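# give me a 3D structure for the following:
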Amino acid sequence: MSRQDLPIQKLILLYIAGEAPGIRRAQLYEAALATLSMDYFEMASALDELVKARLIHVAARRNERTRDAHEREVERCDLTTEGRLVLDALNDQIPASTRRFLTTYLEKGALKRKTEDQITATVEETACGMYRLTCRNTCNGDESFLLKMTFPSEALAKEAATNWRRNYDDILKMLLEALAEDREGKQ
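Reported below is the predicted structural model:
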């Protein structure tokens, strides 16, 4: 593939990976589709070709506990050194309006991406056939919250994991209020 005639879809994917290092594959897809410059199939094909050309690296990171909603390891996308060189050389081929849109889109989504990486839930089977749910809130490598619960079925544990990921702020608020409640003062 000639680096001079790289399709706009591939340039957009390179731009996103360059602006948001370590972005999840799903988040890269969302950002690319939000540009309205490609459909899902064009985007998936373009990403596959960029990976084969070693311009973008997509993989789960070692020792990362983060799982997606389907309990799979999260795959992250990063520009390779060659990908950075190609993007730097061809960045001006991306329309300025698309670059502005993506910069704004990625800035607005930065907190959401960070939160998705900090709030995790894992489900694992115990030796006695129960299912342990581990809910975490991690900030800068430190666990600020850790809760482990055992459920009688995998379905219940996974439902609780999904609820934790979606509603962690409400769950933490209710838990903190319950723990800090002054029962004697309210009687």
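# mean confidence score for stretch 93-102?
With pLDDT averaged residue by residue, stretch 93-102 scores 95.
# contacts made by it with the rest, please.
Stretch 93-102 has contacts (Cβ atoms under 8 Å, 6 or more residues apart in numbering) with 6, 8, 11-12, 15-16, 19, 31, 34-35, 37, 91. To be clear about C-beta, it is placed using only N, CA and C from the backbone, and glycine gets the same treatment.
# out of those residues, which are buried?
The neighbour count (16 or more other Cβ atoms under 10 Å) marks 6, 8, 11-12, 15-16, 19, 31, 35, 37 as buried among the contacts of stretch 93-102.
# please enumerate the strands of this structure.
Taking DSSP state E to define them, one finds strands in the chain at 23-24, 56-60, 75-79, 119-125, 131-139, 142-151.
# low-confidence ranges in this structure?
Low-confidence regions of the chain, defined by pLDDT under 70, span residues 1-5, 65-71, 140-141, 182-187.
# domain ranges for it, per the record?
Structurally, the chain divides into domains by automatic domain parsing as follows: 3-116, 118-180.
# quick one: distance of the longest one to the chain centre.
Read that as domain 3-116. 12 Å (Cα atoms, centre = their mean, to the nearest Å).
# and the last one, by the same measure?
The chain centre lies 18 Å from the centre of domain 118-180; the measure is Cα atoms, centre = their mean.
# and the end-to-end length of it?
As for domain 118-180, its first-to-last residue distance stands at 24 Å under the measure Cα to Cα, to the nearest Å.
# what distance do you get for the spatially most central residue of the chain to Glu42?
For the chain, the residue nearest the mean C-alpha position is Arg24 (4.0 Å; Cα atoms, centre = their mean). Using Cβ to Cβ, to the nearest Å, Arg24 is found at 20 Å from Glu42.
# try Thr126
For Thr126, the distance to Glu42 under the criterion Cβ to Cβ works out to 44 Å.
# could you check which of those two has the larger neighbour count?
Regarding Thr126 and Glu42, a neighbour count based on other Cβ atoms under 10 Å identifies Glu42 as having more, with 16 against 10.
# cool, thanks, signing off.
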